[in-house]
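> Sequence below, structure please.
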Amino acid sequence: MKKYTKCAGLCFFLIIGPLLAFAEVRTMGKAWWEASRQSSGVSPSSDEVKEAIIQVFSARAFSWRGIFGVHTWISVKPTNASEYTVYQLVGWRLRRGEDPVIIQRDIPDRLWYDAVPELLVDVRGGGVDELIKKIDKAAKTYPYKNTYSVWPGPNSNTFIAWIGRLVPELRIDLPPTAIGKDWLGKTKFFSTTPSATGYQFSVLGLFGILIGVEEGLEINVLGLNFGIDVLGMNLRLPGIGRLGFPRTIGPRKL
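Numbering: from 1, shown residues only. Got it, this is the predicted structure:
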């Protein structure tokens, strides 16, 4: 009886998050061209703020994918620049024979097809221009751009995690719903965490464990992440994301 109770409990935790997340997904049954891509109003205008800025965002993925995971991207503006440049990876471009890594001038804080983005990192001021150069170099050396898989990776979140590990000053804490962030490659099993504040073990992004100052403790089961962030006073759950005290991300100096 205890065995069945444990199995039922595990199944409950595996599905409750995605079921609750279903309520947040606004694009079920909606065509992508009908969804909004307007600014969310999070990023400051480049006309008003002259200092260098780096911001990292996540938003629920489009359609049914948003039940389980998010899409992430990085926006940068060098000192005195009149526009932002956005770094992200989009899988459908690979199916068309195009480079899935997109580096282009764009609105930094767009809705991701109706989904309001969450700000994960906001770094400004002195020293940020050098980080922007490191981000650009990391993006252009991403090693998995010829392969894409929604689950368990490599995908858009693998791309941002790659940059985070190479630019540790960003301290990117990707949410547990960023499926693909733990994909380290077919033959690599150990690495720093995406925030570069700890270490992780991962097998093809399907099973693993990580511990870091930013992430806390997280266990990966079939690409679904469960954990606890003691410093942030949050649980980390599949589908739901962070559950606990709300995170306040404000401009940070290096």
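> alpha carbons only for contacts and neighbour counts from here, please
Noted.
> Kindly state the beta-bridge partners for the spatially most central residue of the chain.
By Cα atoms, centre = their mean, the chain has its centre lying nearest to Thr72, at 3.9 Å. Under DSSP bridges, the beta-bridge partners of Thr72 are Ser58.
> Next, find the distance separating it from Ala139.
Thr72 sits 14 Å away from Ala139, going by Cα to Cα, to the nearest Å.
> before we move on, the earlier item: now for the residue nearest to the centre of the chain: which residues touch it?
56-59, 88, 156-157, 160, 178 (Cα atoms under 8 Å, 6 or more residues apart in numbering).
> nearest to Ile132, of these?
Lowest distance from Ile132 to these (Cα to Cα) belongs to Val56, with 12.2 Å.
> Work out for me the element the residue nearest to that closest one when sequence neighbours are not counted sits within.
The shortest distance from Val56 to any non-neighbouring residue, by Cα to Cα, 6 or more residues apart in numbering, is to Ile74 (4.5 Å). In this structure, Ile74 is located in strand 70-77 according to DSSP states H and E.
> Next SSE downstream of that strand?
Tracing the chain C-terminally past strand 70-77 and defining elements by DSSP H and E, one meets strand 85-89 next.
> between that next one and strand 70-77, how many degrees?
Angle of strand 85-89 versus strand 70-77, following axes from the mean of the first three to the mean of the last three Cα atoms, to 10 degrees, is 150 degrees.
> pLDDT on the helix or strand just after strand 85-89, on average?
Using DSSP H and E, the helix or strand that directly follows strand 85-89 along the chain is helix 91-95. Taken as a whole, helix 91-95 has a mean pLDDT of 90.
> now stretch 41-57
Averaged across stretch 41-57, pLDDT comes to 95.
> End to end on it, go ahead and measure it.
End-to-end distance of stretch 41-57 (Cα to Cα): 13 Å.
> Would you indicate which residues of it are buried?
By neighbour count on 16 or more other Cα atoms under 10 Å, the buried set for stretch 41-57 is 43, 46, 50-57.
> do stretch 143-156 as well
Across stretch 143-156, burial judged by 16+ other Cα under 10 Å covers 144-145, 148, 151-156.
> Redo those as JSON lines? Include distance to Val123 and secondary structure.
JSON lines is the format used below for these (distance: Cα to Cα, whole Å; DSSP: H, G, I helix; E, B strand; the rest coil):
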{"residue": "Tyr144", "distance to Val123": "27", "secondary structure": "coil"}
{"residue": "Lys145", "distance to Val123": "27", "secondary structure": "coil"}
{"residue": "Tyr148", "distance to Val123": "29", "secondary structure": "coil"}
{"residue": "Trp151", "distance to Val123": "30", "secondary structure": "coil"}
{"residue": "Pro152", "distance to Val123": "29", "secondary structure": "coil"}
{"residue": "Gly153", "distance to Val123": "27", "secondary structure": "coil"}
{"residue": "Pro154", "distance to Val123": "26", "secondary structure": "coil"}
{"residue": "Asn155", "distance to Val123": "24", "secondary structure": "coil"}
{"residue": "Ser156", "distance to Val123": "21", "secondary structure": "helix"}
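> Go through those and say which is closest to Pro100.
Nearest to Pro100, judged by Cα to Cα, of those is Lys145 at 6.4 Å.
> Low-confidence ranges, the stretch 1-150 of the chain, go.
Confidence mapping of the stretch 1-150 of the chain against pLDDT under 70 gives the ranges 1-30, 32, 64.
> Run through the helices of it in chain order.
Along the stretch 1-150 of the chain, counting by DSSP state H, counting those that start in this stretch, helices occupy 2-21, 91-95, 128-140.
> about what we covered before: a markdown table please, covering the contacts of Thr72 and showing distance to Asp109.
As requested, those are exported to a markdown table (distance: Cα to Cα, whole Å):
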| residue | distance to Asp109 |
| --- | --- |
| Val56 | 9 |
| Phe57 | 8 |
| Ser58 | 10 |
| Ala59 | 10 |
| Gln88 | 12 |
| Ser156 | 16 |
| Asn157 | 17 |
| Ile160 | 16 |
| Ala178 | 18 |
